[in-house]
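# coords please:
(chains A, B and C)
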Amino acid sequence: MSLTVAQIAERLGGDLEGKGSDVITGVAGIREAEKGDISFVANKRYAVDAEETGASAIIVGKDWDKPCSGDIIRVDNPDAAFASIAGEFAPETIEFAAGIHASAVVDPSATLGDDVYVGPCCVIEAGAAIGDRSVLVAGCYVGHRSRVGADCKFYPNVSIREGCLIGDRVILHNGAVVGSDGFGYTVDKEGVRKKIPQIGIVTIGDDTELGANVTIDRARFGKTRIGRGVKIDNQVQVAHNVVIGDHAVIIAQVGIAGSTTIGKHSIIAGQAGVAGHLVIGEGAIVGAAAGVTKDIPPKTFVSGFPAIPHSKSQRLLAHIAKLPELKEKISELEDRLNKLQPEA
Amino acid sequence: MSLTVAQIAERLGGDLEGKGSDVITGVAGIREAEKGDISFVANKRYAVDAEETGASAIIVGKDWDKPCSGDIIRVDNPDAAFASIAGEFAPETIEFAAGIHASAVVDPSATLGDDVYVGPCCVIEAGAAIGDRSVLVAGCYVGHRSRVGADCKFYPNVSIREGCLIGDRVILHNGAVVGSDGFGYTVDKEGVRKKIPQIGIVTIGDDTELGANVTIDRARFGKTRIGRGVKIDNQVQVAHNVVIGDHAVIIAQVGIAGSTTIGKHSIIAGQAGVAGHLVIGEGAIVGAAAGVTKDIPPKTFVSGFPAIPHSKSQRLLAHIAKLPELKEKISELEDRLNKLQPEA
Amino acid sequence: MSLTVAQIAERLGGDLEGKGSDVITGVAGIREAEKGDISFVANKRYAVDAEETGASAIIVGKDWDKPCSGDIIRVDNPDAAFASIAGEFAPETIEFAAGIHASAVVDPSATLGDDVYVGPCCVIEAGAAIGDRSVLVAGCYVGHRSRVGADCKFYPNVSIREGCLIGDRVILHNGAVVGSDGFGYTVDKEGVRKKIPQIGIVTIGDDTELGANVTIDRARFGKTRIGRGVKIDNQVQVAHNVVIGDHAVIIAQVGIAGSTTIGKHSIIAGQAGVAGHLVIGEGAIVGAAAGVTKDIPPKTFVSGFPAIPHSKSQRLLAHIAKLPELKEKISELEDRLNKLQPEA
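This next block holds a predicted model:
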């Protein structure tokens, strides 16, 4: 793939500044780019890099006012523009031609749609169903009676326990686990725990994506429900009977305890934890590493531990940072008081 | 499966309030339940849901005093009662008939007990042993000379490195790893690390359960020891030479650093971290997201970072929340002092 | 393997105190050691254990001045000395004789070096290459066009996506994932996300080790780059376009967000989080559970949330611990003021 800078500007509907004649053969980050690469900057943090980059051309926003090495293409949304052009320079996509690999183990009672790919060492148990054009790359497991929709992609070592329902166009990354038992026990007087059967399932809506080594527990009864268009990053833990609303975003290493509801379009940032039996309102944002212990109203941004409205949490952090000064101020007042009124 | 509400009340030894004649065909959460379902409430948080539920019957505690839609069954422990009845309405259990799948790779020197199930693509290395009636669902790995007890269940993609010892009735969920190398290196003057051989093993006691994608490192030497009846939730990390006492509970995403001892019957809540070389006393409780940096006496409840007794930690949080007021109070005192004694 | 204490002292170039005639047949922790074991203590915390141990001999530092049960061997670095001697008493190492297991699936276009071991149920896709003497234990996946160096060891269920480049002597523990998609989306006005193609790769330098269930995302474009001699503990998450410098150490459950650079020889302690687009300087140290939100200068030790220089962070914690006293002091001052000047 090769295009001139001018050709790229035209495709993007962007404004070209520079001669535009260089031939672009690849995309790269602003710091790593070399001649022949196109890059982008969307953040003033990278102003120095934009000036020093080896890139032949840089995609920037309409209001970018910093010097750039090489040609410039101005667009409304440099991030999106870059994404669209990066796709054109991508390495050849891996195609998995439809078929069942000889080493795959597919129960005769399982149902496979048209043009399905079941890769090496995959296992599909009795009564399971895989929709049209879905791809199971390798070493994937689909348990008894689970149903996977059309156009799904499961990377190696994904495993889905029995009875779960997966929508269309769902992407599951390596090592993701769907439907493991919820964590539930009764305790006797000697403190010995007895397992509570986890007889529910997990449902996952269309267009949802789960990152590598994510774990989603099946419901104690009923459903753990992941909505449509939900994006879950690597190593997130979702406990039994959680409900995650459509288009929510859960960033890496978040943990969500049992029976909590995460509202539609909400965002839970990395390493945050949400306690059980809570309701996080629609469009709420939970800051990174926050610990949510109470219901969160819709469209609220919370952070800290315990999580409180972000502006308040920031104010408390500022107060904490000034504790040494506060202490000194108090000593000073005490000194002054002592002078006025020496202690008995 | 179908039972009338009256029949269920009788089985549970509970007190029926209502006609009891509805036929129950399933169990469900209080918010999702429909006609024909039985549900339960154990927490006043759900009082509104109990009033609005579609369930035909609700199991409640003896002291429940909120209005409920549908019939009521009163019992001492609604949670346990529901668990027992939910089992009766569970979907058909998946049975794995004894046998070795043709695609499994079992070394001729491995020993398999009676009625063992070794599913597709499992690998059992030389000298390993699997006890009677144990089930390895699919894609599981049991390393050289490792010994697995009777009546164990390993879900897909569990892997156990060489030389480890697993008790009876142990449940390992998808992707759990037992016996990976501990994290240990020597460092030379140039800051280059050399691996310290991790030549110990992991032992796991009877009736213990490990969640999905849990990792338990083998000892540097000797044993990383997980006791009996221990319940470990998803994505927990246990470092080398840790000892976890019998019946301890470790909730999701906890990390326990090397050579720490967790006392019997202790509970470590989600996302907490415990530093290395510590002793957590028997029956201690560590709050969610706490960071434990010192030994914890038995039966103590600690929280916060660094973890301190929970009541103290709560008090400090309350003080922090009032820092803005405190600051104002100090300004007020200063103003008053200034009036009494204007600064020079 | 058996050696007398005197023979071990000689091998270590250490000073023997005691008769040295006991025969040592194993190594063990100071608390678990029995007659015939050699152990070590490097930390005064274990003084009591050194006095009470059942070990026949203990390796200690030159300046150890506490009583020990059994013989003593004094050395400069007891930790390193013990590591070297423990290796001699290790159980027989598992050898994987070169060869391709019959159940492995190796694409005809893949290239395997000399004396490679490809264990049961491994999958090597088209165009991939594995260097001389590398070992893939079982259930490992190497994607299209990925290149693995010489003398690598991949434990069960490791998976590497397409196009990634792995150096020599790299160790990947069970369930580690290399090259899963970075977490990147565009959002439309309705809050619906569209996947940004993640067309970059991951490169891993020589002598690097990744723990169990680690996840390393591929770059959005260009490379996610893990340097040489890097040691990454279990369950660490590394996002797209991160750069980790040579000989850095990342301890369990750390999360590093996208496009951040971790300097050479830096140490990120357990459960810490590092936000995206930051630069952590060479030789910096990030404390356990810290949350890094700003660039960190070289050789700086930071901790807390948000992370600040460790001494400052410790001071703030001390101030917080004294908030109850501070509050009382203020009340006292107020009382005194009230006496001086009763409020209107």
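
# which stretches of chain A have low pLDDT?
Applying pLDDT under 70 to chain A flags residues A:343-344.

# what ranges do the helices span in it?
Using DSSP state H, the helices found in chain A span residues A:5-12, A:47-52, A:78-88, A:310-321, A:323-340.

# Kindly reformat these as JSON lines containing mean neighbour count and distance to chain C.
C-beta coordinates here come from the backbone N, C-alpha and C atoms, glycine included. Below are these laid out as JSON lines (neighbours: other C-beta atoms under 10 Å in any protein chain shown; distance: least, C-beta to the nearest C-beta, whole Å):
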{"stretch": "helix A:5-12", "mean neighbour count": "19", "distance to chain C": "14"}
{"stretch": "helix A:47-52", "mean neighbour count": "16", "distance to chain C": "11"}
{"stretch": "helix A:78-88", "mean neighbour count": "20", "distance to chain C": "4"}
{"stretch": "helix A:310-321", "mean neighbour count": "15", "distance to chain C": "6"}
{"stretch": "helix A:323-340", "mean neighbour count": "15", "distance to chain C": "4"}
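
# mind putting those helices in CSV, distance to residue A:20 included?
Shown next, in CSV, are the helices of chain A (distance: least, C-beta to C-beta, whole Å):
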stretch, distance to residue A:20
helix A:5-12, 3
helix A:47-52, 18
helix A:78-88, 14
helix A:310-321, 44
helix A:323-340, 57
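
# Residue B:33: which of these is closest?
Proximity to residue B:33 (C-beta to C-beta) singles out helix A:310-321 among the helices of chain A, at 36.3 Å.

# Break chain A into its domains for me.
Using automatic domain parsing, the domain parsing of chain A gives A:3-89, A:99-311.

# Ends of the longest one, what's the gap?
It stands for domain A:99-311. Using C-alpha to C-alpha, to the nearest Å, one end of domain A:99-311 lies 55 Å from the other.

# do the first one as well
Separation of the first and last residues of domain A:3-89 by C-alpha to C-alpha is 10 Å.

# next one: it to chain centre, how far?
Taking C-alpha atoms, centre = their mean, to the nearest Å, one finds domain A:3-89 lying 26 Å from the centre of the chain it belongs to.

# Contact residues of the stretch 1-150 of chain A facing chain B?
Residues of the stretch 1-150 of chain A lying close to chain B by C-beta under 8 Å from any C-beta of the partner chain are A:103, A:105, A:121, A:123, A:125, A:139, A:141, A:143, A:144.

# ok, now how distant is the third one from residue A:142?
For residue A:121, the distance to residue A:142 under the criterion C-beta to C-beta, to the nearest Å works out to 13 Å.

# Tabulate the CA atom coordinates of stretch A:118-138 in CSV.
Extracted in CSV, the C-alpha atoms of stretch A:118-138 (Å, rounded to 0.1, in the frame of the first residue of the first chain):
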residue,chain,number,x,y,z
VAL,A,118,-13.6,-24.1,14.2
GLY,A,119,-9.8,-24.1,14.6
PRO,A,120,-7.4,-26.6,16.0
CYS,A,121,-8.0,-28.2,19.4
CYS,A,122,-11.4,-26.4,19.8
VAL,A,123,-14.0,-28.3,21.8
ILE,A,124,-17.8,-27.8,21.2
GLU,A,125,-20.0,-29.8,23.6
ALA,A,126,-23.4,-31.4,23.1
GLY,A,127,-26.2,-29.2,22.2
ALA,A,128,-24.1,-26.1,21.6
ALA,A,129,-24.7,-23.9,18.6
ILE,A,130,-22.4,-21.6,16.7
GLY,A,131,-23.8,-19.0,14.3
ASP,A,132,-22.9,-18.2,10.7
ARG,A,133,-19.4,-17.1,9.9
SER,A,134,-18.2,-17.2,13.5
VAL,A,135,-14.5,-17.9,14.0
LEU,A,136,-13.0,-19.9,16.9
VAL,A,137,-9.3,-19.5,16.3
ALA,A,138,-7.8,-22.4,18.4
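
# Okay, buried residues for it please.
Going by neighbour count (16 or more other C-beta atoms under 10 Å in any protein chain shown), the buried part of stretch A:118-138 is A:118-125, A:127-131, A:133-138.

# surely residue A:184 meets residue A:193?
No. Between residue A:184 and residue A:193 there is no contact under C-beta atoms under 8 Å: 9.4 Å.

# For the nearest residue to residue A:71 once chain neighbours are set aside, give its distance to residue A:9.
The shortest distance from residue A:71 to any non-neighbouring residue, by C-beta to C-beta, 6 or more residues apart in numbering or on different chains, is to residue A:18 (3.0 Å). Distance of residue A:18 to residue A:9, computed by C-beta to C-beta: 9 Å.

# Tell me if stretch A:322-339 is near chain B.
Yes. Against chain B, stretch A:322-339 shows contacts by C-beta under 8 Å from any C-beta at A:323, A:326, A:329, A:330, A:333, A:336, A:337, A:339.

# how far away is residue A:122 from chain C?
The gap separating residue A:122 from chain C is 10 Å, by C-beta to the nearest C-beta, to the nearest Å.

# Find the centremost residue of chain A, please.
With distances taken as C-alpha atoms, centre = their mean, the residue of chain A nearest its centroid is residue A:233 (3.1 Å).

# Pull up the residues of the stretch 201-344 of chain A that are close to chain C.
Within the stretch 201-344 of chain A, the positions near chain C by C-beta under 8 Å from any C-beta are A:209, A:211-213, A:229, A:231, A:233-235, A:247, A:249, A:251-253, A:265, A:270-271, A:283, A:288-289, A:317, A:320-321, A:323-324, A:326-327, A:330, A:333-334, A:337, A:340-341.

# just checking, residue A:291 touches residue B:290?
No. Using C-beta under 8 Å, residue A:291 makes no contact with residue B:290, being 10.0 Å away.

# need the residues of the stretch 1-150 of chain A near chain C, please.
The stretch 1-150 of chain A comes close to chain C at residues A:27-29, A:32, A:43, A:45, A:79-80, A:83, A:86-87, A:89-91, A:94, A:101, A:103, A:119-121, A:137-139, as judged by C-beta under 8 Å from any C-beta.

# Sort out for me which of those are in strands.
Members of the residues of the stretch 1-150 of chain A next to chain C lying in strands (criterion: DSSP state E): residue A:27.

# List the beta-bridge partners for the residue lying closest to residue A:203 once chain neighbours are set aside.
For residue A:203, ignoring the flanking residues on the chain, the nearest one in space by C-beta to C-beta, 6+ apart is residue A:165 at 4.5 Å. Beta-bridge partners of residue A:165, counted by DSSP bridges, are residue A:147, residue A:203.

# Buried by neighbour count: which residues of stretch A:284-297 qualify?
Of the residues in stretch A:284-297, A:284, A:285, A:286, A:287, A:288, A:289, A:290, A:291, A:292, A:296 count as buried by neighbour count, 16+ other C-beta under 10 Å.

# Mind listing residues that contact it?
Applying C-beta atoms under 8 Å, 6 or more residues apart in numbering or on different chains, the contact partners of stretch A:284-297 are A:251, A:263, A:266-275, A:278-281, A:298-307, A:310, A:313, B:271, B:288-289, C:273, C:275, C:291, C:305.

# Compute the distance from the centre of it to the centre of its chain.
16 Å.

# Repeat that for stretch A:176-196.
A distance of 28 Å separates the centroid of the chain from that of stretch A:176-196, by C-alpha atoms, centre = their mean.

# Does it reach chain B?
Yes. Residues of stretch A:176-196 contacting chain B under C-beta under 8 Å from any C-beta: A:177, A:180, A:181, A:183, A:184, A:185, A:186, A:191, A:192, A:193, A:195, A:196.
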